[in-house]
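J.: Next come a sequence and a model predicted from it.
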Amino acid sequence: MFPTAPSCIQRAFCILQLALGVDLPDLDDGYSPPKTWDGPVFRLSKAYPTTPVSEPQPWKDLGFDSPVDYLNTVITYCFEGNLDDQSADPVHFDDQFKVAVNNVRKWYHAPWLLNGRHPREFVHGLTDERPSGERDLAGSQTKVNNYAVGSYNPTGGYAFGQVWLGNERPDQVQPTFGEGTVTFKLLFTEADETQIPWLAGAPVWHADEPRKTLPPTIASAKALRLPQVDIAYRKKRKINWLQMPKRKEASHPKI
């Protein structure tokens, strides 16, 4: 069967897009918030740097003999510019971590996590994480689902750009994160403080979970709480990646 005229036009448009640079969509085709939606909508941070980026990384001056100071220095770097003056107000936490418009440094998302078995949802771009089994996090906790979204600093964003930009297909020779790459992952759970008491006061995001529930407003969307932030740092020594999970121990703004 010969392609119809619209499909020919679509194919020509796709070829033109590839010639101008790979198109990296925000969400799966045909998936979007309802017209009544009044909250944030996920936008892929994809303006990847085209040249290597060098910036101060103060944790490199700290040794592992001070692990708490090391972790706090890295997490301060990750949160800088991603939390505004209203971040401690629960009403405004859904407006935090808009990494593409960070005025201190831009952060970047991994592309193409928009389909498959665990695709991004439309509010914050969360994808499914490993569920927590019964009593994993507290004695009164049942099995719960968890969700996360990760962001990469400019050094990591440069690596993504080398893979995806300017090529019809991803460049499989380039995917190496350089020394100084930092990534952080916000890990949310559907459990609340009635199941996990130490979640009392945890920051809350709202999301389209289960995906395609399509809540009409942000107030009606599923509330998810932040129990943990994962951080990874690319070193150039015996340990290539240093991974540091930070569990929520106190109410925001410390997280």
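T.: Received it, and whenever you're ready, just let me know what you need.

J.: Tell me which residues of the top strand by length along the chain come out buried.
T.: Using DSSP state E, we find that the single longest strand of the chain is strand 222-234. Residues Lys222, Leu224, Arg225, Leu226, Pro227, Gln228, Val229, Asp230, Ile231, Ala232, Tyr233, Arg234 are the ones in strand 222-234 that count as buried (16 or more other CB atoms under 10 Å). Every residue, glycine included, has its C-beta placed from N, CA and C.

J.: Do you have the strands of the chain handy? List them.
T.: When assigned using DSSP E, the strands of the chain occupy the ranges 127-132, 144-152, 182-189, 204-207, 222-234, 241-247.

J.: Same list (the ones you listed) but as TSV, adding mean pLDDT.
T.: As requested, the strands of the chain are arranged in TSV below (pLDDT from 0 to 100):
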stretch	mean pLDDT
strand 127-132	95
strand 144-152	97
strand 182-189	96
strand 204-207	97
strand 222-234	93
strand 241-247	60
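
J.: Among the ones you listed, which comes closest to Pro25?
T.: Closest to Pro25 of the strands of the chain is strand 127-132 (CB to CB; 14.8 Å).

J.: ok, and what's touching that closest one?
T.: 113, 117-121, 141, 143-149, 187, 189, 191 (CB atoms under 8 Å, 6 or more residues apart in numbering).

J.: again, 6 Å this time
T.: Leu113, His118, Arg120, Lys143, Val144, Asn145, Asn146, Tyr147, Ala148 (CB atoms under 6 Å, 6 or more residues apart in numbering).

J.: Could you export that strand as PDB, CA atoms only?
T.: Output of strand 127-132 as PDB, limited to C-alpha atoms (Å, rounded to 0.1, in the frame of the first residue of the first chain):
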ATOM      1  CA  THR A 127       8.600   7.600  35.900                       C
ATOM      2  CA  ASP A 128       8.000   4.500  37.900                       C
ATOM      3  CA  GLU A 129      10.600   3.300  40.400                       C
ATOM      4  CA  ARG A 130      11.000   0.000  42.200                       C
ATOM      5  CA  PRO A 131       8.000  -0.300  44.600                       C
ATOM      6  CA  SER A 132       8.600  -0.600  48.300                       C
END
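
J.: among the strands of the chain, which is nearest Glu55?
T.: For Glu55, the closest of the strands of the chain is strand 182-189, at 10.1 Å, according to CB to CB.
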